[in-house]
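[1] based on what follows, work out the 3D shape:
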Amino acid sequence: MGIKTYKPVTPGMRQWISLDRSDITRSAPEKSLTVGRAERAGRDWNGRISVRHKGGGHRRRYRISDGGRDKAGVGG
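    Predicted structure coming up:
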């Protein structure tokens, strides 16, 4: 793990450092372990938005994790 330094855009960022975890983590989850999520907020039975201020937003995905519950000898 390296140390990440930042440009001093403000006086408080002049001493700001953090750990760089890019070598031990991934930037995105494993694609085979995710599933799509449908947007339902404010929609009627046709799927059209019928309530104001509920649209837009970024497309989201659910992460599937069994937590080791279906493996032999693991309780849960």
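[2] so where do the strands sit in this protein?
    Secondary structure of the chain (DSSP state E): strands located at 2-5, 17-20, 34-36, 61-63.
[3] figure out which of the ones you listed is closest to Gly55.
    Comparison of these against Gly55 by CB to CB identifies strand 34-36 as nearest, at 17.7 Å. Placement of C-beta: from N, CA and C, glycine included.
[4] ok now that closest one, how far from the chain's centre?
    12 Å (CA atoms, centre = their mean, to the nearest Å).
[5] could you number the chain from 44 rather than 1 from now on?
    Fine by me, first position is 44 from now on; the one you just mentioned is strand 77-79.
[6] neighbouring strands - and their directions - for that strand?
    Strand 77-79 has the following strand partners under DSSP bridges: strand 104-106 (antiparallel).
[7] mean confidence (pLDDT) on the partner strand, please.
    For strand 104-106, mean pLDDT is 84.
[8] again, but for stretch 63-80
    Stretch 63-80 carries an average pLDDT of 83.
[9] list the contacts of that stretch.
    Residues external to stretch 63-80 that are found in contact with it (CB atoms under 8 Å, 6 or more residues apart in numbering): 44-47, 102-108.
[10] tabulate these in CSV, adding columns for neighbour count.
    As requested, the contacts of stretch 63-80 are exported to CSV (neighbours: other CB atoms under 10 Å):
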residue, neighbour count
Met44, 9
Gly45, 9
Ile46, 8
Lys47, 12
Arg102, 7
Arg103, 10
Arg104, 13
Tyr105, 11
Arg106, 9
Ile107, 11
Ser108, 9
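[11] mind putting those into a markdown table with distance to Gly90?
    Below are these laid out as a markdown table (distance: CB to CB, whole Å):
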| residue | distance to Gly90 |
| --- | --- |
| Met44 | 46 |
| Gly45 | 47 |
| Ile46 | 49 |
| Lys47 | 44 |
| Arg102 | 16 |
| Arg103 | 17 |
| Arg104 | 19 |
| Tyr105 | 19 |
| Arg106 | 25 |
| Ile107 | 24 |
| Ser108 | 29 |
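[12] nearest to Met56 among those residues?
    For the contacts of stretch 63-80, the minimum distance to Met56 (CB to CB) is 11.9 Å, reached by Lys47.
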